[in-house]
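Peer 1: how would this look folded up:
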Amino acid sequence: MSESAERTPLSELLAGFTATESGHRVQVPADWLQGRAVYGGLSAALALHSAHGALDALPPLRSVQLTFIGPAGSDVELRPVLDRRGKSTAFVSVDIVSDGRLAVRAALCFGAARDSRLAAGGPLAPAVSGPETSDPFFRRGVDGRHLGPNFAQHFNSRHAAGGLPMSGADAADFTVWLQHKDTAMADSLVGLVALADALPPAAMASFVEPAPISTMTWMFDLLTGDPRTDDGWWLCRSTADATRDGYSSQAMTIWNRAGEPVVAGRQNVAIFY
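Peer 2: Numbering: from 1, shown residues only. Sure thing, here's the model as predicted:
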């Protein structure tokens, strides 16, 4: 069977949501897992999709906070709750339950645009070559088959700057162009959220051999109410600010193809290395 035949497009996965008394249920296929668990980006994307499916006319997404309490397996239940709704904002909690246990707790903040005298740009995009002239980031074997985590096969990747996983680099930093292979996700907010955590933790640039990692917490802000890019490509950078005592704290930024900042976040990762 070819690699493309084994992939379930994200748009097809989302279409598989079924309604329950408390929210939604979905079966996540093995090609969207990291090992045996749903990775962070997909957890956030599923939570956002469930919130939109359960609640009408939410304003634009502004901020997300996630706590990864335990692994979420293939059978996922999502329980969205509207915590508060005001004139311009809405706060939604989504619990992700797997095998009867709480796996992820997500807090989503939505907010309508308002008039303001303040307008300041975000972090400048690094000067890097475009994806057309850059080498792939996720590795492939001599037979051309994908060697990274299962979910990464859903993305086109191009190494723009910084290190590579397990390269023993002094600087723990990745800068990578990412694009959904599923063209239906090209300008999808849920697609952007799924892609936002597709890179390995930046600390892995300093690894010289494989070792387990586990995201503990992740938060990110949307810097625009309507993030869009050309050709589906997003420039993603993860930089480890500090790594000690078995934990790594990293900053994460995403720019669109025009160099406009669209996502800024932080993540805490447990490092077993």
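Peer 1: Ramachandran angles for the most far-flung residue of the chain relative to its centre?
Peer 2: The C-alpha centroid of the chain is most remote from R117, which lies 31.8 Å away (Cα atoms, centre = their mean). Main-chain torsions, R117, degrees, to the nearest 10: phi -80, psi -10.
Peer 1: So N156: helix, strand or coil?
Peer 2: strand (DSSP: H, G, I helix; E, B strand; the rest coil).
Peer 1: beta partners for it?
Peer 2: N156 has these beta-bridge partners by DSSP bridges: Q179.
Peer 1: From S88, how far out is the residue farthest from the centre of the chain?
Peer 2: For R117, the distance to S88 equals 17 Å [Cβ to Cβ, to the nearest Å]. Backbone N, C-alpha and C define where each C-beta goes, glycine included.
Peer 1: for G122, same thing?
Peer 2: Taking Cβ to Cβ, one finds G122 at 21 Å from S88.
Peer 1: more crowded one of the two?
Peer 2: G122 (15 against 11; other Cβ atoms under 10 Å).
Peer 1: shouldn't the more buried one be in contact with L222?
Peer 2: No. G122 is beyond contact range of L222, at 10.7 Å (criterion: Cβ atoms under 8 Å).
Peer 1: so where's the protein shaky on pLDDT?
Peer 2: The model of the chain has pLDDT under 70 over residues 1-5, 140-147.
Peer 1: quick one: the strands in it?
Peer 2: With DSSP state E as the criterion, the chain has strands at 18-19, 24-27, 33-34, 37-38, 61-68, 75-85, 89-98, 101-111, 155-162, 173-180, 213-222, 234-244, 247-255, 261-271.
Peer 1: Any chance of CSV for those, columns mean neighbour count?
Peer 2: Output for the strands of the chain, formatted as CSV (neighbours: other Cβ atoms under 10 Å):
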stretch, mean neighbour count
strand 18-19, 9
strand 24-27, 18
strand 33-34, 20
strand 37-38, 22
strand 61-68, 20
strand 75-85, 17
strand 89-98, 20
strand 101-111, 19
strand 155-162, 20
strand 173-180, 24
strand 213-222, 19
strand 234-244, 19
strand 247-255, 21
strand 261-271, 19
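Peer 1: Reformat those as a markdown table; add distance to G191.
Peer 2: Converted to a markdown table, the strands of the chain look like this (distance: least, Cβ to Cβ, whole Å):
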| stretch | distance to G191 |
| --- | --- |
| strand 18-19 | 21 |
| strand 24-27 | 16 |
| strand 33-34 | 18 |
| strand 37-38 | 16 |
| strand 61-68 | 13 |
| strand 75-85 | 17 |
| strand 89-98 | 18 |
| strand 101-111 | 16 |
| strand 155-162 | 10 |
| strand 173-180 | 5 |
| strand 213-222 | 14 |
| strand 234-244 | 10 |
| strand 247-255 | 12 |
| strand 261-271 | 12 |
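Peer 1: Among those strands, which comes closest to P9?
Peer 2: Judged by Cβ to Cβ, the one of the strands of the chain that comes nearest to P9 is strand 173-180, at 8.6 Å.
Peer 1: counting contacts, what elements does that closest one pack onto?
Peer 2: strand 155-162, helix 189-195, strand 234-244 (3 or more Cβ pairs under 8 Å, 6 or more residues apart in numbering; DSSP states H and E).
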